[in-house]
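Peer 1: Return atomic coordinates for the entry below.
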Amino acid sequence: MTGSGPSPIEHKTNAEQAYQRSQYITAADLFRQAAAAYRSDGDLLSAAEMDNNAAVSLLQAAKPAEALALVEGTPQQFHQADDLGRAGRAYGNQGAALEALGRTAEAIGAYQAAVDLFTRTGDDEARGQTYQSLARVQLRQGQPIEAVTSMQYGLEGGPQPGFGQRLLRWFLGLPSRLLRR
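Peer 2: Predicted coordinates:
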């Protein structure tokens, strides 16, 4: 980077520190500065990642419209670069922003795209978290069967489940066990 200003990495580090201190607006501003610095260096994927980080900060600050504006188009950027993991995270961020805006049908689509990509990349933890978000939105949409199914999928394939997760898995499987009798 030319000039005497902070490097993209310095902006990113400062943003992460602000985020850890729950200074979400400051973090979002610093992530945006990192994105601008990456763009000026020609690193468009890192810029898109910083836009997503800024969006997460803005969601924490209850500014979902601003968050959505930052992440729109970033899943496609990552897809074009064949970076499916970051594309999945970008779809998840988009889903969270849409959910916060009450655009639940669109949020479901974004979460489903994220789940598909996390399944393809084998990221079971992110897939499980996204399924939980998807289940929450499906419940709000009045889709209890789909929500239970999403929650079941979200509990599968992750790390060794604890007692609470095993108990929840048992309860969620109860209706299908009863129907088989």
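Peer 1: From residue 85, how far off is the most centrally placed residue in the chain?
Peer 2: Centroid-nearest residue in the chain, with C-alpha atoms, centre = their mean: residue 92, separated by 3.1 Å. As judged by C-beta to C-beta, to the nearest Å, residue 92 and residue 85 stand 11 Å apart. Glycine gets a C-beta too; all of them are placed from N, C-alpha and C.
Peer 1: joint contacts of the two?
Peer 2: residue 126 (C-beta atoms under 8 Å, 6 or more residues apart in numbering).
Peer 1: what separates the host helix or strand of residue 118 from the chain centre, distance-wise?
Peer 2: Element membership of residue 118, judged by DSSP states H and E, is helix 104-121. Helix 104-121 sits 9 Å away from the centroid of its parent chain (C-alpha atoms, centre = their mean, to the nearest Å).
Peer 1: what's near enough to touch the nearest residue to residue 12 once chain neighbours are set aside?
Peer 2: Closest residue in space to residue 12, ignoring its immediate chain neighbours: residue 34 at 4.4 Å, by C-beta to C-beta, 6 or more residues apart in numbering. By C-beta under 8 Å, 6+ apart, the contact list for residue 34 reads 8, 9, 11, 12, 15, 47, 50, 53.
Peer 1: Would you check that the first one makes contact with residue 32?
Peer 2: No - with contact defined as C-beta atoms under 8 Å, residue 8 and residue 32 do not form a contacting pair (11.4 Å).
Peer 1: and for the two, which residues touch both?
Peer 2: residue 50.
Peer 1: domains of this structure?
Peer 2: If you go by automatic domain parsing, the domain ranges for the chain are 7-63, 72-173.
Peer 1: Residue ranges in the chain under the pLDDT threshold?
Peer 2: 1-4, 152-153, 155-181 (pLDDT under 70).
Peer 1: Sweet, I'm off.
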